[in-house]
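K.L.:
just to be clear, the model below is a prediction. Sequence and coordinates:
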Amino acid sequence: MNLQSVRRWLREPAFHFLLIGGAIFALHSLVRPTSSREDSSRLIRVSRDDLQRLRDGHFSLTGKMPTPEEERRIVERYVSDEVLYREAIALGLDKGDSVVRGRLAQKMQFLTEDLHPAAEPTDAELEDFLKSSPRYIQPRKLTLEHVFFSRDRRGQRARSDAAAALSELENDSSASAVSVGDPFMLGRRFADRSETDLAGLFGPSFAKEVSALATGVWSGPIDSSYGAHLVRIEKVTPSTVPALEAVRERVRLDLLQVRREEANRAMLRKLAEKYKVEIETAPAVSTAEVRGK
Amino acid sequence: MQREFPLSWLEELKVLTARGAAAALGFSIPFCVSCNRALAAPTAKAVSRGSQAAARRQDSQCASFNAERNLYFGDLHVHTSYSFDASFWGTRTDPFGAYDFAQGAPATLGSPTGDPPRTAQLARRLDFAAVTDHSEFFGQYPPGMFTGENPARDAWAHEQMAAQAANDTSSDCTFTALIGYEWTGRWWHRNVIFRSEQVPELAISSFDQTTPQGLWAALQSACLGAGTGCDAITIPHNPNFSGGQMFNIPDGITPAEASTRAAMEPVAEIHQTKGNSECKLGVETDDPLCVFYQKFPIDCLTYPSADACSPGNFVRNGLRRGIQVEEQIGVNPLKLGIIADTDTHNGTPGDTDQSAYQGHKGRMDSSPQLRLITTSDEAYDNAGGLVAVWATENSRDAIFDALRRRETYGTSGTRPKLRFFGGWAYPDDLCDHPDLISTAYQNGVPMGGDLPAVGGSADAASPKFLIAALMDPGTDRQPGTPLQAAEIIKGWIDPASGRSFERVYEVAGNPVSGATVDTSTCQPTGPGYNSLCAVWQDPDFDRTQRAFYYVRLLENPTCSVYQLDCNKIPIDQRPASCNDGSFHMVIHNRAWSSPIWYQP
């Protein structure tokens, strides 16, 4: 072969094609040494999304974004986990694992949940929901006045001093409650308080006792966490269901949430229709009994 | 100052608060137009926010309205399954469930795989709460839940919906749900709390704004200055692991920067599950009571240069730095009131009962054994704290206003009641006056305020303070612990040198009463107080020295959560950390009031 014919060969497009094709083939076999069917399952690609998730994980543990060095180690760890994961799947280790099963079921549940608001409820529906839900019922509330006899100041006498003051108040309706007793830093009068509120202010046993008192008269002594009290109930607000106008937004959002959950259950039922479920019956025997045998 | 006005003290407070907030803010927008609507006459119409809820509230005040202020307990730092970390840790309770929990419903807690599910329920409901999920990765958790075009916006919308559903806008005022979220920068953790349902369309995260200054500017444009009625504060938390950065104010700070910070951050979180941030022994102090639920057990007397020993990590040191900066530039950037929260990652606001503590991080700290591993991330956590506010009623506006005027205190989880006032003319026998609280308001300022200017004919030569406290009355499940003592912590600046100083004064009760606790049974013994009341006058007052005063109220000693955890494990199976001094086994639960400041 003379030089001229070599030059001609070098200019020949068919030769270029072969050369480039060969190079691609060689490169391809270097990068992907196995058949194309195996390629996709044997490629471990750490995408930008994966990277972001790994950074999230680091952040949650340390409160900091990873340094480049930390990130390199995190990615290394991710890749080795991925290798083990792929091998585990290949061996079928995911089958019959309750954790894997539960996790996938949960992901599927989120996927099927309809998060968009259900149909806007009508006023009548809101009324019905309000009346049928115990959570909106307002507890019975008391407005009361009290006179305080401090245990820290009076010791054992707190109760007897209160009893003496009570008979004074009973005998002389003009006697001013303000002139007896000790100062109380939360005040003398409390408007519209539930038994729970009163328990927080004076202690649970005081709240129980006061809830049973008659209205309009001085009663006591009643012990609190702080001393003895004389108490006059001014007003009792009975337990009520509030008017819709007062709680409309809460009721609306709660009802929408209930409807969303109902829709989710309906969706699950619909998915379940694809399946035939068979449940065998077996006598109830505890594991311990079985072991005993 | 207040005595010169012919107005009632209530009207006056309204004027002063509005004026103070506007002046301090340095922003030109009049966002405080309706700050004090709660104090206004029921017929007064504030600027309408165009929302039904707001309009309704203005017409019908709460039935339990009290001009002399009611006490409400809450939690403004709560993570649910919408937070990436809580979700990782197995928490399934969402914001709706968290607000239900705050009002007394049970919640399920995350458990390690294979362990039985755990549940929790409050022995006493909260009066208010804010769910504050991480805005970082918003919408990506729980995985697969938000699949729309903009998951972050959808998650934020659900957060708002949960708060709207839980917020009681009727005149019963049973529960207030505030809308909020957490913004977490590298060192600087903040909770963003909104006044109303007017909030930005997206929760600004640390991916959007990497610094607190950036966050404030972004909130200014998306909220405070947006003309929508939106109003927000940011609450610094976990200064204890800020690497000294949280309260490290550089010398070059400008008055404008200081004003912005002061306006955006009226309160700081002093205590929560991941440790206490009041102070640390060896960090500009020798106060032994600083040894309390410290997240980092490092001995700062021995290793003063460690990051964990930097003054920038603690509220008391921050308060000192604040008045030091004010001495230099005329504005105090760290004018911090005090609150405390849980920072629960179980979706369980207010579960601070130490004897019922089950951890706050899902499956990570779900057993006593896990919590007692000294090398884990969860070691040295505690049951967290509560925020107490003095507010006229239980509504969003009233609670938000109380936070902004700093009429708040924090507790380490129990519910003692604490009032603190400062003035110049309080009678020494004020504790014997039946109307002590009205007198205290009329002649002075409550916790969080500035002492009025001195000069009245009845004024004393140094300021007087009223400290009044009642012990936590407890519950059927858990009796309250009697009080042991009340202290005043004073910080001041020597104007000649510009240096700051502090001193602890015993003002009521008996810190050496001999009360103690049997660590094997956790039964307390010894004397205590149901109530404390004292008028205290500063014996070392110098009117040229800028100063602040706050109260630390101590309960009798009890077992710490660590001792309580150890006692749940049979003696022969307890980890070494139960006996080797790793943990402090006896603690004094306590409350910290917001300070009252004095300016020369």
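P.N.:
Yep, that arrived.

K.L.:
mind checking the pLDDT average for stretch B:229-242?
P.N.:
Averaging pLDDT along stretch B:229-242 gives 96.

K.L.:
now stretch B:333-351
P.N.:
Taken as a whole, stretch B:333-351 has a mean pLDDT of 98.

K.L.:
output it as PDB - backbone C-alpha positions only.
P.N.:
The C-alpha coordinates for stretch B:333-351 follow below in PDB (Å, rounded to 0.1, in the frame of the first residue of the first chain):
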ATOM      1  CA  PRO B 333     -30.700  45.500  70.500                       C
ATOM      2  CA  LEU B 334     -31.200  42.800  73.100                       C
ATOM      3  CA  LYS B 335     -34.200  44.100  75.000                       C
ATOM      4  CA  LEU B 336     -35.400  40.600  75.600                       C
ATOM      5  CA  GLY B 337     -38.400  39.400  77.600                       C
ATOM      6  CA  ILE B 338     -38.400  35.800  78.700                       C
ATOM      7  CA  ILE B 339     -40.400  32.800  77.600                       C
ATOM      8  CA  ALA B 340     -39.800  29.100  77.600                       C
ATOM      9  CA  ASP B 341     -41.200  26.300  75.400                       C
ATOM     10  CA  THR B 342     -40.900  22.500  74.800                       C
ATOM     11  CA  ASP B 343     -39.500  22.300  71.300                       C
ATOM     12  CA  THR B 344     -41.200  18.900  71.300                       C
ATOM     13  CA  HIS B 345     -40.700  16.900  68.100                       C
ATOM     14  CA  ASN B 346     -43.600  14.600  69.000                       C
ATOM     15  CA  GLY B 347     -46.400  17.000  68.100                       C
ATOM     16  CA  THR B 348     -47.200  17.300  71.800                       C
ATOM     17  CA  PRO B 349     -47.300  21.000  72.900                       C
ATOM     18  CA  GLY B 350     -47.000  21.500  76.600                       C
ATOM     19  CA  ASP B 351     -46.000  18.000  77.700                       C
END
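
K.L.:
tell me which element B:Thr374 is part of?
P.N.:
Assigning secondary structure by DSSP states H and E places B:Thr374 outside every helix and strand.

K.L.:
could you tell me how far the longest helix anywhere in chain A lies from the centre of the chain?
P.N.:
Criterion DSSP state H: the longest helix present in chain A is helix A:244-272. Computed by C-alpha atoms, centre = their mean, to the nearest Å, the separation of helix A:244-272 from the middle of its chain amounts to 17 Å.

K.L.:
for the chain, just list every one of the helices.
P.N.:
No chain specified, so I'll use chain A. Listed in chain order, the helices of chain A (DSSP H) span A:3-11, A:13-31, A:36-42, A:48-62, A:68-90, A:98-112, A:123-132, A:151-154, A:157-171, A:195-202, A:204-211, A:244-272, A:287-292.

K.L.:
wait, chain B was what I had in mind.
P.N.:
Applying DSSP H to chain B gives helices spanning B:9-25, B:52-59, B:84-88, B:95-102, B:151-166, B:212-219, B:255-264, B:315-329, B:368-371, B:396-404, B:436-442, B:561-567.

K.L.:
confidence score at A:Ile74?
P.N.:
Listed pLDDT for A:Ile74 reads 89.

K.L.:
pull the contacting residues for it.
P.N.:
A:54-55, A:57-58, A:66 (C-beta atoms under 8 Å, 6 or more residues apart in numbering or on different chains). Quick note: C-beta positions are derived from backbone N, CA and C, even for glycine.

K.L.:
among those, which ones lie close to chain B?
P.N.:
Among these, proximity to chain B is found for A:Gly57 (C-beta under 8 Å from any C-beta of the partner chain).

K.L.:
spit out the contact partners of the residue nearest to the spatial centre of chain A.
P.N.:
Geometric centre of chain A, nearest residue: A:Gln257, 14.0 Å, by C-alpha atoms, centre = their mean. Going by C-beta under 8 Å, 6+ apart, A:Gln257 touches B:96, B:165.

K.L.:
roughly how far does it sit from A:Asn264?
P.N.:
Note on A:Gln257: its distance to A:Asn264, by C-beta to C-beta, to the nearest Å, is 11 Å.

K.L.:
the residue of the stretch 351-500 of chain B found nearest chain A: what's it in contact with?
P.N.:
The stretch 351-500 of chain B approaches chain A most closely through B:Pro473 (3.5 Å), counting by C-beta to the nearest C-beta. The contact partners of B:Pro473, by C-beta under 8 Å, 6+ apart, come to A:199-204, A:206, A:224-226, B:415, B:480.

K.L.:
just these now: which is nearest B:Ile489?
P.N.:
Within those, distances to B:Ile489 taken as C-beta to C-beta reach their minimum at B:Arg415, with 21.5 Å.

K.L.:
the closest one and A:Gly203 touch, don't they?
P.N.:
No. Using C-beta atoms under 8 Å, B:Arg415 is not in contact with A:Gly203; the gap is 11.0 Å.

K.L.:
intersection of neighbour lists for these two?
P.N.:
Between them, B:Arg415 and A:Gly203 share the contacting residues B:473, B:480, judged by C-beta under 8 Å, 6+ apart.

K.L.:
still on that earlier bit, need the contacts of B:Pro473 in a markdown table with pLDDT, can you?
P.N.:
Output for the contacts of B:Pro473, formatted as a markdown table (pLDDT from 0 to 100):
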| residue | pLDDT |
| --- | --- |
| A:Ala199 | 95 |
| A:Gly200 | 94 |
| A:Leu201 | 94 |
| A:Phe202 | 96 |
| A:Gly203 | 94 |
| A:Pro204 | 94 |
| A:Phe206 | 96 |
| A:Ser224 | 95 |
| A:Ser225 | 92 |
| A:Tyr226 | 95 |
| B:Arg415 | 98 |
| B:Gly480 | 95 |
